[in-house]
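K.L.:
Provide a 3D model corresponding to the input given below.
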Amino acid sequence: MSELAVNETSIPGLYEVDLDVRRDERGWFKESYQREKLEKLGLPHLEVVQHNVAYSERAGVTRGLHAEPWDKFVSLAAGRAFSAWVDLRAGESWGRVVTLELSPEKAALVPRGVANGYQTLEDGVVYLYLVNAHWSPDVEYRAVDLWDPAVGILWPIGSAEAIVSPKDRTNPPLAQVEPMTFD
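P.N.:
Purely as a prediction, here's the structure:
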């Protein structure tokens, strides 16, 4: 059993969350998101309107880096993933990077304007995210090149071996991304 904990990272508003996972001979159980407990520990309120799931068949699937106009709580139901975030919001933390390995025991709250990306470290990864706005394939968002040297993310699986969508392979370098501002 692990203990529920919330810690803000060096990117303002990006929180690392240790989840309480209870294991026995049958497997495990966790409360993926329990608002009252998490808010008591300092996690900001998230008004969830949608729950999304991304399944990755193979290790090396790499998605991102996308900065959508909504907040999201990301966690895994199965597997392990190397996660990376880049702050694309205007301000002093612009371009700051945080990385973390997600597992069923480790989650994160990602604020809007912070680019989210991850790489699966094993087959059969189930990535969950709760969001506070409805997803649409037509939504415009900022993105940044996964392998931009200026960002400096040390992905466990290199670009030649990674499984990446054609769209994500054309994301611009950080120097070409306009910082996001919000009213």
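
K.L.:
From here on, just use CA atoms for contacts and neighbour counts.
P.N.:
Fine.

K.L.:
Report the contact partners of the residue minimising distance to the centre of the chain.
P.N.:
Compute the mean C-alpha point of the chain, and by CA atoms, centre = their mean the closest residue is N116, 4.6 Å away. By CA atoms under 8 Å, 6 or more residues apart in numbering, the contact list for N116 reads G64, L65, H66, A67, S83, A84, W85, V86, V110.

K.L.:
Now do the contacts for the fourth one.
P.N.:
Shown here is A67, whose contacts under the criterion CA under 8 Å, 6+ apart are L88, R112, G113, V114, A115, N116, Y141, R142, A143.

K.L.:
And stretch 143-153, how far out from the chain middle?
P.N.:
Computed by CA atoms, centre = their mean, to the nearest Å, the chain-centroid distance of stretch 143-153 equals 15 Å.

K.L.:
Quick check: buried residues in it?
P.N.:
By 16 or more other CA atoms under 10 Å, the buried positions in stretch 143-153 come out as A143, V144, D145, L146, W147, V151, I153.

K.L.:
repeat for stretch 170-181
P.N.:
N171, P173, L174, P179, M180.

K.L.:
how about these in a markdown table, adding distance to G13, pLDDT and secondary structure?
P.N.:
What follows is these, written out as a markdown table (distance: CA to CA, whole Å; pLDDT from 0 to 100; DSSP: H, G, I helix; E, B strand; the rest coil):
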| residue | distance to G13 | pLDDT | secondary structure |
| --- | --- | --- | --- |
| N171 | 24 | 97 | coil |
| P173 | 23 | 98 | coil |
| L174 | 20 | 98 | helix |
| P179 | 16 | 95 | coil |
| M180 | 15 | 93 | strand |
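
K.L.:
so where do the helices sit in this protein?
P.N.:
Under the criterion DSSP state H, the chain contains helices at 35-40.
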